[in-house]
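Visitor: only geometry, no sequence info:
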């Protein structure tokens with residue numbers, strides 16, 4: 001079936017000497033893998049389409065197996081992401097996480113929209129972590145391993161939430177804090193932000209300012225949480241860790 005779809009390239013790989021296989025996360029049909037014939041040739045019209053993070057309208061022949069890109073028109077190249085190694089690292093992490101946690105040819109319009117908005121934010125802004133946290137939590141939810149953030153993960157109490165337990169998979173109230181020696185104390189503001197990050201679209205957020213110490217704290221919690229509950233090893237995370245060490249973060 002030949003159709004036009006709007007999508008973002010979330011994965012690329014060489015196929016033979018001259019072709020590429022790309023994975024497109026699309027608005028209309030979800031995630032689809034397709035061959036771009038001749039995309040590794042310098043004069044190929046498909047070479048510019050078969051690049052990571054490219055957002056385009058693709059004319060694609062969709063089949064049960066490997067689909068075929070016929071042609072396309074770039075909507076957004078996210079140039080600033082490509083020119084900044086830190087932005088590249090975070091964008092690579094998000095698209096790899098999206099690739100791992102979504103199913104082939106299953107429409108995910110909301111997640112597509114959130115990924116698109118997040119890449120646009122990363123492309124245009126300097127503060128990256130708030131949209132990153134927001135999309136991560138939505139993807140964790142899509143993957144079926146979201147943390148419990150609306151009540152105590154141990155007793156169900158909705159009041160006096162004070163900390164986060166990776167071991168128990170969510171927030172703790174003051175009564176349960178002592179049951180996990182590794183539970184991390186969180187400020188009331190951070191606890192209020194977590195449900196917003198998970199349930200509110202990026203388009204509804206104007207500006208959220210966070211202290212660097214709080215960003216670093218949440219980053220450690222999210223990383224430890226994924227290590228405990230995420231089922232995929234992500235190459236992009238290792239790259240991010242290397243970049244952060246070089247940046248002294």
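Guide: All right, it came through fine. As the structure is a computational prediction, the values presented were derived from the model and not from experiment.

Visitor: Report the helix or strand with the lowest average pLDDT across this protein.
Guide: The helix or strand of the chain with the lowest confidence, counting by mean pLDDT, DSSP states H and E, is helix 235-247 at a mean of 77.

Visitor: Between the two ends of stretch 73-84, what distance do you get?
Guide: 24 Å (Cα to Cα, to the nearest Å).

Visitor: which other residues reach that stretch?
Guide: 6, 48-49, 51, 53-57, 87-88, 91, 119-120, 122-124 (Cβ atoms under 8 Å, 6 or more residues apart in numbering). For glycine as for every other residue, the C-beta is placed from the backbone atoms N, C-alpha and C.

Visitor: Filter these down to just the ones in strands.
Guide: The strands, defined by DSSP state E, take in 6, 55-57 from the contacts of stretch 73-84.

Visitor: Buried among those? Make that a PyMOL selection.
Guide: Restricted to buried positions by 16 or more other Cβ atoms under 10 Å, the PyMOL selection for the ones in strands among the contacts of stretch 73-84 reads:
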select buried, resi 6+55+56+57
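
Visitor: In a markdown table: the ones in strands among the contacts of stretch 73-84, plus pLDDT and distance to residue 201.
Guide: Below are those laid out as a markdown table (pLDDT from 0 to 100; distance: Cβ to Cβ, whole Å):
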| residue | pLDDT | distance to residue 201 |
| --- | --- | --- |
| 6 | 98 | 18 |
| 55 | 98 | 18 |
| 56 | 97 | 23 |
| 57 | 97 | 23 |
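
Visitor: Pick out the most distant pair among the ones in strands among the contacts of stretch 73-84.
Guide: The largest distance within these, taken as Cβ to Cβ, falls between 55 and 57 and amounts to 8.9 Å.

Visitor: for the chain, which residue is closest to the average position?
Guide: Against the mean C-alpha coordinate of the chain, by Cα atoms, centre = their mean, the closest residue is residue 94 at 2.7 Å.

Visitor: and it, what element?
Guide: helix 85-101 (DSSP states H and E).

Visitor: quick one on the thing from earlier: going through the contacts of stretch 73-84, which ones are buried?
Guide: When these are checked for burial by 16+ other Cβ under 10 Å, the buried set is 6, 49, 51, 53-57, 87-88, 91, 119-120, 122-123.

Visitor: Pick the one among these closest to residue 202.
Guide: residue 120 (8.9 Å).

Visitor: mind listing what that closest one touches?
Guide: 76, 78.

Visitor: Wait, residue 25 touches residue 109, no?
Guide: No - Residue 25 is not in contact with residue 109 according to Cβ atoms under 8 Å; the separation is 10.9 Å.

Visitor: Which of those two has more residues huddled nearby?
Guide: residue 25 (23 against 11; other Cβ atoms under 10 Å).

Visitor: quick one: the more buried one and residue 138, what's the gap?
Guide: 14 Å (Cβ to Cβ, to the nearest Å).

Visitor: swap in residue 167?
Guide: Noted for residue 167: a distance of 23 Å to residue 138, by Cβ to Cβ.

Visitor: Looking at those two, which is more packed in?
Guide: Under the neighbour definition other Cβ under 10 Å, residue 167 and residue 138 were set side by side, and residue 138 has more, 24 against 14.

Visitor: That's all I had, so thanks and see you.
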